[in-house]
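**Q** I need the structure of the sequence given here:
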Amino acid sequence: MKGAQIVVMSGLIFVSLTLLICACAIPYKIGDEETPKASWWPLFVLLFYAIAAIPHAFCPVMAGSDSDTAGAWLAFGDFLVALVATSVFGFPAVLYNGSAISLDAMLLSMASGIVAILTAWYVSKANQDEY
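**A** As a prediction, the model looks like this:
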């Protein structure tokens, strides 16, 4: 990767994490509480960000040089990444539906997910251009 690509990638990661932390810092009044409190539940989306990298790390290794199973392992890895990427958007929606976070926090959390997926797309595009 070139220096400019690393700067863009790190900037996108910074924006994604900033949106996620802003989603956590929004005060939200739960029930009959007198003072609104910040809800840190959206921060659990970071687990999905970390889990999404695992299939891309191990599925090409499992595919090996055998051409019969290589396509199946790579497709299975893509399926697992898509499943986790769906959870990046589904988890904030479930938190909002369960009244654990506000609508603003859900939208900021989903915006963070969009930026994270755009970052992953940019990294994969940059890696394809090198080869």
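**Q** tell me which element Gln128 is part of?
**A** helix 103-130 (DSSP states H and E).
**Q** Can you spell out which helices and strands pack onto that helix?
**A** Here helix 103-130 touches helix 3-25, helix 45-63, helix 67-97, going by 3 or more C-beta pairs under 8 Å, 6 or more residues apart in numbering; DSSP states H and E. The C-beta positions use only the backbone N, C-alpha and C, and glycine is treated the same way.
**Q** among those helices, which is nearest Lys37?
**A** Among the helices and strands packed on helix 103-130, the nearest to Lys37 by C-beta to C-beta is helix 3-25 (10.6 Å).
**Q** And that closest one, what's buried?
**A** Judged by neighbour count using 16 or more other C-beta atoms under 10 Å, the buried positions of helix 3-25 are Gln5, Val8, Met9, Leu12, Val15, Ser16, Leu17, Leu19, Leu20, Cys22, Ala23, Cys24.
**Q** ok so, going back, list just the one of the helices and strands packed on helix 103-130 that sits closest to Ala38.
**A** Of these, nearest to Ala38 by C-beta to C-beta is helix 3-25, at 5.3 Å.
**Q** which SS state does the residue of the chain positioned farthest from its centre fall under?
**A** Most distant residue from the mean C-alpha position of the chain: Glu34, 33.6 Å away (C-alpha atoms, centre = their mean). The three-state label given to Glu34 by DSSP: H, G, I helix; E, B strand; the rest coil is coil.
**Q** how much space is there between it and Ile26?
**A** Distance, Glu34 to Ile26, by C-beta to C-beta, to the nearest Å: 18 Å.
**Q** Likewise for Phe44?
**A** Between Phe44 and Ile26 the computed distance is 16 Å (C-beta to C-beta).
**Q** for Gln5, what are its contacts?
**A** Counting by C-beta atoms under 8 Å, 6 or more residues apart in numbering, Gln5 makes contact with Tyr122, Ala126.
**Q** And the pLDDT for the residue nearest to Leu95 when sequence neighbours are not counted?
**A** Setting aside the residues directly before and after it, Leu95 is nearest to Ile101 in space (C-beta to C-beta, 6 or more residues apart in numbering), at 4.7 Å. pLDDT for Ile101: 89.
**Q** Report how many residues lie close to Tyr49.
**A** Residues lying near Tyr49 (other C-beta atoms under 10 Å) number 21.
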